[in-house]
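Asks: curious how this folds, go ahead:
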Amino acid sequence: MRVEKPDVLDDEDLTPWTPDGRFDVEDALVGELDLSELKAAGARVLRSRLDRTRLASARLRSLRLADVVVTDADLSNADVGGGALTRVRFERCRMTGFKVAEATLEDVAFVGCKLDLASLRASKLRHVSFEDCVLDDADLSGAEIRESRFAACAMRRVVVDHLRLRAVDLRGSDVEPDGDVTALRGATIDPVQLVSLGPLLARGLGIDIRD
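Replies: All right, here's what the predicted structure looks like:
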């Protein structure tokens, strides 16, 4: 599974961005600014980089991100529900409680991010990669995930009710689903995961295991 990389210039070739009352960013570098609790529904960030930017508790519903790299940012409790993310890379970001419900993500990579308690309810993901991320207590209920992977991730107590998967690779992650475990249909797991998931799968299928 290949995630297309963002098409964005290096830092030195981008124009430094300064707050202007809006959050429409194009071909710019957003640096170590405190934009916590920013309210900017329908904002756009295109062909840009965000480095150590603080957007905690920001309300950015219907945000459009395209060809963007976000590194070492604080997006905890930020709300980008209903947004569209295309060719975006998040690296080492704090995203506890990140809300991306009912959003569309395509060619998006999360690397070394803390996504515990994140909400991806009813979102649509295609060609999305999670690598070395924490997704404990995340809500994936009703999401549709296709041709994606979760590598070396912590996924304990993840809500999976009505989750729909197709060609999703979970191998190497610590998976502990909460809810209807049969919603993992369409996933690829490894033998070690099968040992821990076996009793849950049997219970979900109504199979009674006894000595």
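
Asks: residue 194 - how many residues pack around it?
Replies: Residue 194 sits with 10 neighbouring residues when counted by other Cβ atoms under 10 Å. Just so you know, the C-beta spots here come from the backbone N, C-alpha and C atoms, and that holds for glycine as well.

Asks: please apply the same query to residue 132.
Replies: 15.

Asks: which parts of this structure are helices?
Replies: Listed in chain order, the helices of the chain (DSSP state H) span 191-204.

Asks: any low-confidence regions in it?
Replies: Filtered on pLDDT under 70, the chain yields the residue ranges 198-211.

Asks: and residue 174, bridged to which residues?
Replies: In this entry, residue 174 is beta-bridged to residue 154, by DSSP bridges.

Asks: kindly apply the preceding question to residue 25 instead.
Replies: Here residue 25 sits in beta bridges with residue 45, going by DSSP bridges.

Asks: pretty sure it sits against residue 19.
Replies: No. Because the distance of 10.4 Å does not satisfy Cβ atoms under 8 Å, residue 25 is recorded as not touching residue 19.

Asks: these two: which has the busier surroundings?
Replies: Neighbour comparison, residue 25 and residue 19: the larger count goes to residue 25, with 22 against 11 (by other Cβ under 10 Å).

Asks: relative to residue 108, how far out is that one?
Replies: Computed as Cβ to Cβ, to the nearest Å, the residue 25 to residue 108 distance reads 18 Å.

Asks: now residue 185
Replies: 23 Å.

Asks: what about these two, which has more around it?
Replies: Comparing residue 185 with residue 108 by neighbour count (other Cβ under 10 Å), the higher total belongs to residue 108, at 26 against 11.

Asks: OK, contacts around the residue nearest the centre of the chain?
Replies: The residue lying closest to the centre of the chain (Cα atoms, centre = their mean) is residue 110, at 6.2 Å. Taking Cβ atoms under 8 Å, 6 or more residues apart in numbering, we find residue 110 in contact with 90, 93, 95, 128, 129, 130, 131, 133.

Asks: what about the last one, how many residues nearby?
Replies: Residue 133 is surrounded by 26 other residues when neighbours are defined as other Cβ under 10 Å.

Asks: start at 880, not 1
Replies: With the count now opening at 880, the last piece we talked about shows up as residue 1012.

Asks: I'd guessed it sits against residue 991; true?
Replies: Yes. Between residue 1012 and residue 991 there is a contact under Cβ under 8 Å: 6.9 Å.

Asks: what's opposite the residue nearest to the centre of the chain in the beta bridge?
Replies: If you apply DSSP bridges, the partners that residue 989 bridges to are residue 969, residue 1009.

Asks: swap in residue 1005?
Replies: residue 985, residue 1025.

Asks: wait, isn't residue 974 in contact with residue 997?
Replies: Yes. Look at residue 974 against residue 997 with Cβ under 8 Å: they come within range, at 6.1 Å.
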